[in-house]
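# Okay, predicted coordinates and the sequence, questions at the end:
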Amino acid sequence: MNWFLTKLPFETASARIPCGIRAAVGIFPWLVALVVILSALPPSAAQAQQAQQAQQAPPPPGALEWPRFRGPNGSGLGAAPNLPASFSASDFNWRIELPGAGHSSPVICGDRVFVTANPKGTTQRTVICASVEDGRILWTRTYDFGPDELSTDNSYAASSPAVDTERVYLQWASPKDSVLVALDQKDGHEIWNLHLGPFVSEDGPGTSPIVFEDMVILNFDQDPWPSFLLAVDARTGKQRWRWEHDGWNNTPSTPCLFYPPHGDPQVILATMSLGLQAVDARTGRPQWSIPDLLKKRCVASPIVTDDGLIVAQCGEGRAESFVEVARPAADGRSAAPAYEVVRVGGHVPTPISVDGRLYLWKENGSITCLRTETNEQLWSERVRGSFYGSPVCVNHRLYNISTRGDLFVVAAADHFQQIACIPLGEGSYATPAISGGRIYLRTFTHLISVGK
């Protein structure tokens, strides 16, 4: 801190400065030093708790409320104070037909909503930009990479877009070639296009990109090696870092971010080959891992709870599932298993954490509520339907769409209550989106807006 001892320029004229001002000038360097020292101290317990809660709290109004699959950091938490608990088709703001079918979930930036579709009878992938006000399609852009071997439950339009305030980012993957692209939100023109190489998987692609600071991050996880986690400059598409890792039994889950109270931000991966893995979000350096934690394929995405826990889920079919909960260290340098939940969790729907409770929504409609910190089960009930979409929460209510196209509304509370079952007129494998006080519901070939 030698620079604190350097004389200020006006000290040579100190004799001409009144003594009160000289005294103030004399203590100024020490005040600066005190501020620097205090700013370097570790956060208090209260500050650490605030940092943990901020990881999955809904963003403030005016921010990007739903920039990626399942909203802010994949938490599924949204804000829409006037969204009704139940409604009918007469309450829709609009319902538009998309130029094809798909399973991707909507993302929103300002007055525009983005979603993807696969035109019928083609191998094309189309991104659609629509107005949030009236559903009018503002532009589309189409890519074609040829046929792919897909699971019967998959789609060429399975990956969801991601957005910042200027661009929309998409991953298109196929055995022929795969790309990560950035399009201008205003008119859909391509800004950059990064070739990733062939993608090989028995079930086809499903993961989605995320945006962190000024980077786009994608986990390119496929059945054989090489798989990799990639970060590129959001403006130019140039590589910032790339971490290659083993891959088998392709993981279509989408990463999330973890912000250690006393460490740097981390990308959290949940894969069968790696287990639970943390990578420095700015450098791509591995930070910690829990190998062999995830015994089966990971389709659901990892989440961070307001207790600072990380929840990952794996399974096989609709019967066998494992929910693994880990507790990272405050400095982000290690993590340890906290507890395991067997059978009651799902394989495809991503869990959701709300107010200290963890909700596990299974494919067969079973919903289990646990206390996140202790693993104490509060209730386990079942709604009528099968589910591939993931629940979201607004106004202490969970919303999820069944594969038949019924929107179920369930209270996010210590006791089970089914509030509504709303038919949407068409099946869906997608997850709802929430932004600007509205909920956006994607069925196979339509997009719906509800709320004021």
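That came through fine.

# Residue 327 and residue 305 touch, don't they?
No - here residue 327 does not reach residue 305: they are 10.2 Å apart, not a contact under C-beta atoms under 8 Å. Bear in mind the C-beta positions are built from the backbone N, C-alpha and C, glycine included.

# neighbour count winner among the two?
The neighbour comparison of residue 327 against residue 305 (other C-beta atoms under 10 Å) goes to residue 305, with 23 against 16.

# how near is that one to residue 149?
Noted for residue 305: a distance of 36 Å to residue 149, by C-beta to C-beta, to the nearest Å.

# low-scoring stretches of this protein, by residue?
1-63, 225, 318-319 (pLDDT under 70).

# domains for it, by residue range?
2-40, 45-450 (automatic domain parsing).

# deepest of those, which one?
Of the domains of the chain, the one with the most neighbours on average (mean count of other C-beta atoms under 10 Å) is domain 45-450, at a mean of 19.

# what distance separates it from the centre of its chain?
5 Å (C-alpha atoms, centre = their mean, to the nearest Å).

# Could I get the phi/psi values of residue 89?
phi -60, psi -30 (degrees, to the nearest 10).

# so it touches residue 405, yeah?
No - counting by C-beta under 8 Å, residue 89 does not reach residue 405; the two are 11.9 Å apart.

# For these two, list the residues in contact with both.
Counting by C-beta atoms under 8 Å, 6 or more residues apart in numbering, the contacts common to residue 89 and residue 405 are residue 425.

# Residue 443 contacts residue 429, correct?
No - in this structure, residue 443 is not within contact of residue 429 by C-beta under 8 Å, at 9.2 Å.

# ok, now which ones touch the most centrally placed residue in the chain?
In the chain, the residue lying closest to the centroid (C-alpha atoms, centre = their mean) is residue 74, at 2.6 Å. Contacts for residue 74 (C-beta under 8 Å, 6+ apart) come out as 68, 210, 254, 256, 301, 302, 303, 350.

# Apart from its chain neighbours, what residue comes closest to it?
residue 256 (4.5 Å; C-beta to C-beta, 6 or more residues apart in numbering).

# In the stretch 1-150 of the chain, what residue spans correspond to helices?
19-40, 45-54 (DSSP state H, counting those that start in this stretch).

# Can you give me the distance of the closest residue to residue 131 other than its chain neighbours to residue 267?
Leaving aside its chain neighbours, residue 131 sits nearest to residue 138 (5.9 Å; criterion: C-beta to C-beta, 6+ apart). To residue 267, residue 138 is 32 Å away according to C-beta to C-beta.

# Just the terminal-to-terminal distance for stretch 100-118.
5 Å (C-alpha to C-alpha, to the nearest Å).

# scratch that, stretch 438-452
With C-alpha to C-alpha, one end of stretch 438-452 sits 6 Å from the other.

# just to revisit the earlier point, tell me who's in contact with the residue nearest to residue 74.
73, 74, 75, 210, 267, 268, 301, 302, 303, 304.

# ok, then the element right after the host helix or strand of residue 219?
Take DSSP states H and E as the rule and residue 219 turns out to sit in strand 215-220. Sequence order places strand 227-233 as the next helix or strand after strand 215-220, per DSSP H and E.

# If you count contacts, what does that next one end up packed against?
strand 215-220, strand 239-245 (3 or more C-beta pairs under 8 Å, 6 or more residues apart in numbering; DSSP states H and E).

# taking the contacts of residue 74 one by one, which sit in strands?
Of the contacts of residue 74, the ones assigned to strands by DSSP state E are 210, 256, 303.

# Farthest-apart pair in the contacts of residue 256, please.
75 and 267 (15.4 Å; C-beta to C-beta).

# mind listing the strands for the stretch 351-452 of the chain?
352-354, 357-361, 366-371, 377-382, 392-394, 397-401, 406-411, 418-423, 433-435, 438-442, 446-450 (DSSP state E, counting those that start in this stretch).

# Nearest to residue 174, out of these?
Per C-beta to C-beta, nearest to residue 174 of the strands of the stretch 351-452 of the chain: strand 438-442, 22.3 Å.

# any idea how far the residue lying closest to residue 316 once chain neighbours are set aside is from residue 315?
Of all residues not flanking residue 316 in the chain, residue 296 sits nearest, at 4.7 Å (C-beta to C-beta, 6+ apart). Per C-beta to C-beta, residue 296 is found 5 Å from residue 315.

# can you list residues touching both of the two?
Common contacts of residue 296 and residue 315 (C-beta under 8 Å, 6+ apart): 321, 322, 347.

# quick one: the last one and residue 151, what's the gap?
Pointing back at residue 347 there. From residue 347 to residue 151 the distance is 13 Å (C-beta to C-beta).

# With the flanking residues excluded, which residue is spatially nearest to residue 271?
residue 251 (4.2 Å).

# Let me see the contact set for that neighbour.
So residue 251 contacts 207, 219, 221, 269, 270, 271, 272, 273, 297, 298, 299 (C-beta under 8 Å, 6+ apart).

# check which helix or strand covers it.
Counting by DSSP H and E, residue 251 is part of no helix or strand.

# Please report how far it lies from residue 229.
In terms of C-beta to C-beta, residue 251 sits 11 Å off from residue 229.

# ok so, going back, would you convert the contacts of residue 256 into TSV that also reports distance to residue 187?
Formatted as TSV, the contacts of residue 256 follow (distance: C-beta to C-beta, whole Å):
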residue	distance to residue 187
73	29
74	29
75	31
210	24
267	31
268	35
301	31
302	35
303	35
304	36
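
# just curious, which of those residues is nearest to residue 376?
Nearest to residue 376 among the contacts of residue 256 is residue 303, at 18.9 Å by C-beta to C-beta.
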